[in-house]
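Q: Got a predicted structure plus its sequence, pasted below:
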Amino acid sequence: MFDIMIWAGVAMSLAGLAGLIWCILRVGHARRAKISDDAMRAVLKSVLPINLGALGLSILGLMLVGLGAFLG
């Protein structure tokens, strides 16, 4: 049972990491496009909730891995 908990945590952490990488690539692409400040603020405003959600998912996944390793 704890092996399932650990692997579920790993999957959650990897999904969160993928979301963080997507956010980095999205903002990097916007910076390279040299768009106006207002357009850059709009991009950052749209990426921020996804970034926070991905970070939270990664943290929860790592907590699940730690809990599964501790209990297992």
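A: Happy to help now that I have it. Numbers count the residues shown, from 1 in each chain.
Q: what's the distance between the most centrally placed residue in the chain and Ile35?
A: When C-alpha atoms, centre = their mean is applied to the chain, the residue found nearest the centroid is Ala54 (2.6 Å). For Ala54, the distance to Ile35 equals 23 Å [C-beta to C-beta, to the nearest Å]. (Each C-beta comes from the backbone N, C-alpha and C, glycine too.)
Q: Please apply the same query to Asn51.
A: From Asn51 to Ile35 the distance is 19 Å (C-beta to C-beta).
Q: same deal with Ala18?
A: For Ala18, the distance to Ile35 - C-beta to C-beta - is 25 Å.
Q: mean confidence score for the top helix by length along the chain?
A: What stands out as the longest helix in the chain, according to DSSP state H, is helix 37-71. Averaged over helix 37-71, pLDDT sits at 95.
Q: sorry, back to before: ok, the residue nearest to the centre of the chain touching Leu14?
A: No. Look at Ala54 against Leu14 with C-beta atoms under 8 Å: they stay out of range, at 10.8 Å.
Q: List the contacts of Leu17.
A: Ala54, Ser58 (C-beta atoms under 8 Å, 6 or more residues apart in numbering).
Q: where does it land on pLDDT?
A: Note on Leu17: pLDDT of 96.
Q: Could you measure from it over to Ala33?
A: Distance from Leu17 to Ala33, by C-beta to C-beta: 25 Å.
Q: again with Ala39
A: 9 Å.
Q: Give the residues shared as contacts by these two.
A: Joint contacts of Ala39 and Ala33 (C-beta under 8 Å, 6+ apart) do not exist.
Q: Secondary structure element holding Asn23?
A: Check again: residue 23 is Cys, not Asn. Secondary structure assignment for Cys23, by DSSP states H and E: helix 2-32.
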